[in-house]
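Peer 1: Sharing a sequence plus its predicted fold:
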Amino acid sequence: MLSFTAPRTPPWLVVKAGSTIAPGERLTLGRQASLIVPRLYLSNMFTARDRTQLIDLGVTHILSVMEEAPKMPQGLGLRTLHVPIRDEVGADILAYLEETTEWIKAALAENDTNTVLVHCVVGMSRSATVVCAYVIATTNMTALDAIGFVTSKRPVVSPNIGFRKQLEQYYLRIHPDAPKSQSPKLHPSAFTQSGARNADPPDDIDACCDIRESRGVTQDYRCTSFSDQ
């Protein structure tokens, strides 16, 4: 079960829980980091590239879940892992979940100060799925429970339908002896929380966000390859 000492973090950097969001505030949340469990944050790619925020959050490890890994700030000693995947219903994210979960677990277990940031473009579908998988693997939560838990910490979270189904498969892989009643099939109404907008924008959003320099990534950022800056 999860048991960590919560880090001291400037409150303005952290997304509020759903119950504390004021009307009209939801649209701004994607710009901030969300503390899911102590020392594990979920965010968008802008936070992952923001030197000041990374330092303030105490981030030591960054897991990028998008086609091309963005260029990270240099000189911070960051350890990185890149999962090259599109946010599509048919994308096989299940193939990566064991590796990403073990990477997060190893980072947090190494010492009491390591802090992991998981991100995609918005921090809504791909990276959220990776974080949900970690929650499933380290608690007794089902896929549906994990999605609900992560969403309670970051209200913009909404994995696409294919990823949600793969989280169900991951739960059964991690908990093969669990009664079927503990792994309910997701009802269609659970597949989206805000109409059809249950997926991250395409990665080419960077074309209008001035991060085109990230196109020069090297093989060191590819999945199963780790980097110490």
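Peer 2: Right, received. Where do you want to start? Computed from a prediction, not measured in an experiment: that's the story for all the values here.
Peer 1: Ser127: neighbour count?
Peer 2: Neighbour count for Ser127, taken as other Cβ atoms under 10 Å: 31. Placement of C-beta: from N, CA and C, glycine included.
Peer 1: Rounded mean pLDDT for the helix or strand in which it is found, please.
Peer 2: For Ser127, the host element (DSSP states H and E) is helix 126-138. For helix 126-138, the mean per-residue pLDDT is 99.
Peer 1: which is the next helix or strand following that helix?
Peer 2: Following helix 126-138 in sequence, per DSSP H and E, is helix 143-153.
Peer 1: Could you tell me the angle between the direction of the helix holding Ser127 and that of helix 143-153?
Peer 2: 120 degrees (axes from the mean of the first three to the mean of the last three Cα atoms, to 10 degrees).
Peer 1: so what secondary structure elements neighbour helix 126-138?
Peer 2: Judged by 3 or more Cβ pairs under 8 Å, 6 or more residues apart in numbering; DSSP states H and E, the packing partners of helix 126-138 are strand 34-37, strand 40-43, strand 61-65, helix 94-110, strand 116-119, helix 143-153, helix 161-174.
Peer 1: can you list these in TSV and add distance to Glu88, mean neighbour count and mean pLDDT?
Peer 2: Formatted as TSV, the helices and strands packed on helix 126-138 follow (distance: least, Cβ to Cβ, whole Å; neighbours: other Cβ atoms under 10 Å; pLDDT from 0 to 100):
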stretch	distance to Glu88	mean neighbour count	mean pLDDT
strand 34-37	23	24	98
strand 40-43	20	29	99
strand 61-65	13	26	99
helix 94-110	13	18	99
strand 116-119	18	27	99
helix 143-153	18	20	98
helix 161-174	7	20	97
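Peer 1: can you put these in TSV and add distance to Leu54?
Peer 2: Listed next are the helices and strands packed on helix 126-138 as TSV, based on distance: least, Cβ to Cβ, whole Å:
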stretch	distance to Leu54
strand 34-37	14
strand 40-43	10
strand 61-65	8
helix 94-110	15
strand 116-119	7
helix 143-153	19
helix 161-174	26
